[in-house]
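Peer 1: Build me a model:
(2 chains)
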Amino acid sequence: MPRRNPSRVRPQRRKREHHGEAGDAFRCVGCRLDVPMIAPGTAHRNHCPHCLTSLHVDHRIPGDRRAACRGRMTALSVTVRPDGEWLIIHHCQSCGGLSANRIAGDDNALALLRIAVRPLSDTRLPVSALLSL
Amino acid sequence: MSAKPIITETFTCVRCGLTVGASAPDGSRRNHCPSCLHSRHVVDRVEGGPSECGARMTPISIAVLRTGDWMVIHRCVRCGELTSNPVCGDDNRLILIRMAVRPLAQPPFPLETFGDL
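Peer 2: The predicted structure follows:
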């Protein structure tokens, strides 16, 4: 699907250094899938396209590789940038840290949508607030 | 039965200016405005302890835990740090629902195909 407002697309930063020189693939810590580093739509593959699990390697700045944690990060929720791009909020299972990552073109659409509708499938949903929209 | 100490202090919301009591209806301490859900970056999540940023934090999404509790994800407008805080009972339901449906209003892929699944 094309973007709603393609005028405000911000150019992505070029990848300056390549981490883990040897490989062109990594193995997902969640589902053990072998994932190629080349991703459609992004130069920074940071989560598994199948189960959306990531690894806690960056500290404050994306790509700094300064986190000592190395814990597994699971997808917690989905948010939208003002330009209409989806971000996955990852939650570290070992230290509780959070990070936001852009989705890639080959990410599992069903897994993404399940996270996105999770608040709406809650039985304690305030229906009165929905009706007043 | 020992009663919980009643928190009588207030704070002023940095975005909408509402004066809010620091105590939530369930007795816990509030960390965001119940009207506009904005917060302030006063706790450093990465290092722990107080943060010297102090900037406004906007709510960006809703997360549902395994227990079914809702959390608001805040992002600092100045340094970009993310925090998650539990939703209070008197938080603005309209803004909560609006944040929950926002991803579905701008899907990156056509949602029609999911009807066939």
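
Peer 1: A helix includes B:Arg102, no?
Peer 2: Yes - counting by DSSP: H, G, I helix; E, B strand; the rest coil, B:Arg102 falls inside a helix.

Peer 1: Not counting sequence-adjacent ones, nearest residue to it?
Peer 2: A:Val80 (5.2 Å; Cβ to Cβ, 6 or more residues apart in numbering or on different chains). Every C-beta, even on glycine, is put in place using the N, C-alpha and C of the backbone.

Peer 1: Please apply the same query to B:Asp90.
Peer 2: Using Cβ to Cβ, 6+ apart and skipping the chain neighbours, the partner closest in space to B:Asp90 is B:Pro34 (5.0 Å).

Peer 1: Correct me if wrong: the one you found contacts B:Arg93.
Peer 2: No - using Cβ atoms under 8 Å, B:Pro34 is not in contact with B:Arg93; the gap is 10.2 Å.

Peer 1: neighbour count winner among these two?
Peer 2: A count of neighbours by other Cβ atoms under 10 Å in any protein chain shown puts B:Pro34 above the other of B:Pro34 and B:Arg93, at 19 against 16.

Peer 1: which ones are touching the more buried one?
Peer 2: Taking Cβ atoms under 8 Å, 6 or more residues apart in numbering or on different chains, we find B:Pro34 in contact with B:20, B:88, B:90-92.

Peer 1: circling back to that earlier point, got the phi and psi for the residue nearest to B:Arg102?
Peer 2: phi -120, psi 130 (degrees, to the nearest 10).

Peer 1: Give me the neighbour count for it.
Peer 2: Using other Cβ under 10 Å: A:Val80 sits among 20 other residues.

Peer 1: Could you do A:Trp86 as well?
Peer 2: Using other Cβ under 10 Å, A:Trp86 has 20 other residues around it.

Peer 1: nearest spatial neighbour of it, skipping sequence neighbours?
Peer 2: Spatial nearest neighbour of A:Trp86, chain neighbours left out: A:Ile103 (4.8 Å); criterion: Cβ to Cβ, 6+ apart.

Peer 1: which ones among the contacts of B:Pro34 are found in strands?
Peer 2: Using DSSP state E, the members of these that fall in strands are B:Val20.

Peer 1: What about the contacts of B:Pro34, which one has the most neighbours?
Peer 2: Within the contacts of B:Pro34, neighbour counts (other Cβ under 10 Å) peak at B:Asp91, which reaches 22 neighbours.

Peer 1: and it, what does it touch?
Peer 2: By Cβ under 8 Å, 6+ apart, B:Asp91 lies in contact with B:32, B:34, B:37, B:72.

Peer 1: Go through these and flag which are in strands.
Peer 2: Mapping the contacts of B:Asp91 onto strands (DSSP E) picks out B:Val72.

Peer 1: Show me the two of the contacts of B:Asp91 that sit farthest apart.
Peer 2: Spatial extent of the contacts of B:Asp91 (Cβ to Cβ) is set by the pair B:Pro34 and B:Val72 at 11.0 Å.

Peer 1: Please identify the residues of chain B in proximity to chain A?
Peer 2: Taking Cβ under 8 Å from any Cβ of the partner chain as the contact definition, chain B meets chain A at B:45-46, B:60-64, B:68, B:70, B:73, B:75, B:81-84, B:93-94, B:96-98, B:100-104, B:106-111, B:114, B:117.

Peer 1: ok, now which ones touch A:Asp58?
Peer 2: By Cβ under 8 Å, 6+ apart, the residues touching A:Asp58 are A:64-67, A:99.

Peer 1: Pull the distance from stretch A:60-72 to the chain's centre.
Peer 2: Mean C-alpha position of stretch A:60-72 versus that of the full chain (Cα atoms, centre = their mean, to the nearest Å) differs by 15 Å.
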